[in-house]
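**Student:** Here is a sequence with its predicted model. Questions after.
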Amino acid sequence: MLKKISTNNIKELRNKTGAGMTDCKKALEASDGKIDIAIQTLRKKGLASADKKSNRLVTEGLVESYVHAGSRIGVLVELNCETDFVARQPEFRQLAKDVAMQIAACQSVQYVSQNDIPEKVILYEQNFELEKDDLLTKSIDIKNKIVQGRVEKRLQELSLLNQNFIKRHEITIEELIKQNISLWGENIKIRRFERFILGEGLESKNNTFTKEVSDMINNK
């Protein structure tokens, strides 16, 4: 006999997963009302359906902004979808706002995904790790394995999609996007972003200016 699923349980599951009401009800019925199991079921289902849509063309969307309290950090992010209808939904705008907030919170993030990281950056990280003192006495095989692990960790730190979502630490930004793909039934992509930090770069410019003035004086 199936356990009766309450409306409150369905709403709770929907709030945690972003899945549709019908899907939440079915997942709860299949899990005998156990929310944790239902979440895993929906996540697996959502990720599978999202992967099928990942190659669809996205030409709509919006540019969203986030300015952190104190107005010292600001972010602009472009989030794309397939239709203007989805782009105009409050939930889609909230998703964009959450992504922008995530970028503001993760100072190490520089790229949307690991696929966007230039080869020269990867080579730099590899060489940087190879030259560390704690690897000098290691064999070549051990050294390469350690470097590979450290570089992979560093590339994940640079990638937005690899970050744990600040509002729900049990999922990554990539999983958050895929859950919304499943929810809306169309492809969604973070195209690009820009982070602004108050005063960033001013010190180096001032140092350059000071050096130029000093050189002019010394050459007189």
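**Tutor:** Cool, got the structure.
**Student:** backbone phi and psi for Val58, please?
**Tutor:** Main-chain torsions, Val58, degrees, to the nearest 10: phi -120, psi 110.
**Student:** Likewise for the one 4 residues further on?
**Tutor:** When quoted as degrees, to the nearest 10, the phi and psi of Leu62 stand at phi -160, psi 160.
**Student:** what's the answer for the one 5 residues further on, then?
**Tutor:** Note on Val67: its backbone torsions stand at phi -120, psi 120 [degrees, to the nearest 10].
**Student:** Which residue ranges of this structure form strands?
**Tutor:** 60-67, 73-81, 164-165, 168-172, 189-197 (DSSP state E).
**Student:** ranking these by mean pLDDT, which is last?
**Tutor:** Note on the strands of the chain: lowest mean pLDDT is at strand 168-172, with a mean of 91.
**Student:** Now do the buried residues in that strand.
**Tutor:** 171-172 (16 or more other CB atoms under 10 Å). Any C-beta I mention is one placed from the backbone N, CA and C, and that applies to glycine too.
**Student:** Show me what it is packed against.
**Tutor:** strand 164-165 (3 or more CB pairs under 8 Å, 6 or more residues apart in numbering; DSSP states H and E).
**Student:** Name the stretch among the strands of the chain that sits most buried.
**Tutor:** Stretch with highest mean neighbour count among these: strand 73-81 (a mean of 21; mean count of other CB atoms under 10 Å).
**Student:** All the helices of this structure, in order from the start?
**Tutor:** 7-17, 21-30, 35-53, 84-87, 90-105, 119-130, 140-158, 173-184, 202-218 (DSSP state H).
**Student:** As TSV, those helices with mean neighbour count would be great.
**Tutor:** Below are these laid out as TSV (neighbours: other CB atoms under 10 Å):
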stretch	mean neighbour count
helix 7-17	16
helix 21-30	18
helix 35-53	16
helix 84-87	15
helix 90-105	19
helix 119-130	13
helix 140-158	14
helix 173-184	22
helix 202-218	9
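**Student:** Same list as before, the ones you listed that is, but in JSON lines and with mean pLDDT included.
**Tutor:** Shown next, in JSON lines, are the helices of the chain (pLDDT from 0 to 100):
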{"stretch": "helix 7-17", "mean pLDDT": "78"}
{"stretch": "helix 21-30", "mean pLDDT": "82"}
{"stretch": "helix 35-53", "mean pLDDT": "73"}
{"stretch": "helix 84-87", "mean pLDDT": "90"}
{"stretch": "helix 90-105", "mean pLDDT": "95"}
{"stretch": "helix 119-130", "mean pLDDT": "89"}
{"stretch": "helix 140-158", "mean pLDDT": "87"}
{"stretch": "helix 173-184", "mean pLDDT": "88"}
{"stretch": "helix 202-218", "mean pLDDT": "56"}
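**Student:** Any idea which of these gets closest to Asn164?
**Tutor:** The closest of the helices of the chain to Asn164 is helix 173-184. By CB to CB, the value is 8.0 Å.
**Student:** Can you name every helix or strand that the closest one contacts?
**Tutor:** If you count contacts as 3+ CB pairs under 8 Å, 6+ apart, helix 173-184 packs onto helix 35-53, helix 90-105, strand 164-165, strand 189-197.
**Student:** want to throw the ones you listed into a markdown table with distance to Ile117?
**Tutor:** Conversion of these to a markdown table gives the following (distance: least, CB to CB, whole Å):
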| stretch | distance to Ile117 |
| --- | --- |
| helix 35-53 | 22 |
| helix 90-105 | 16 |
| strand 164-165 | 19 |
| strand 189-197 | 14 |
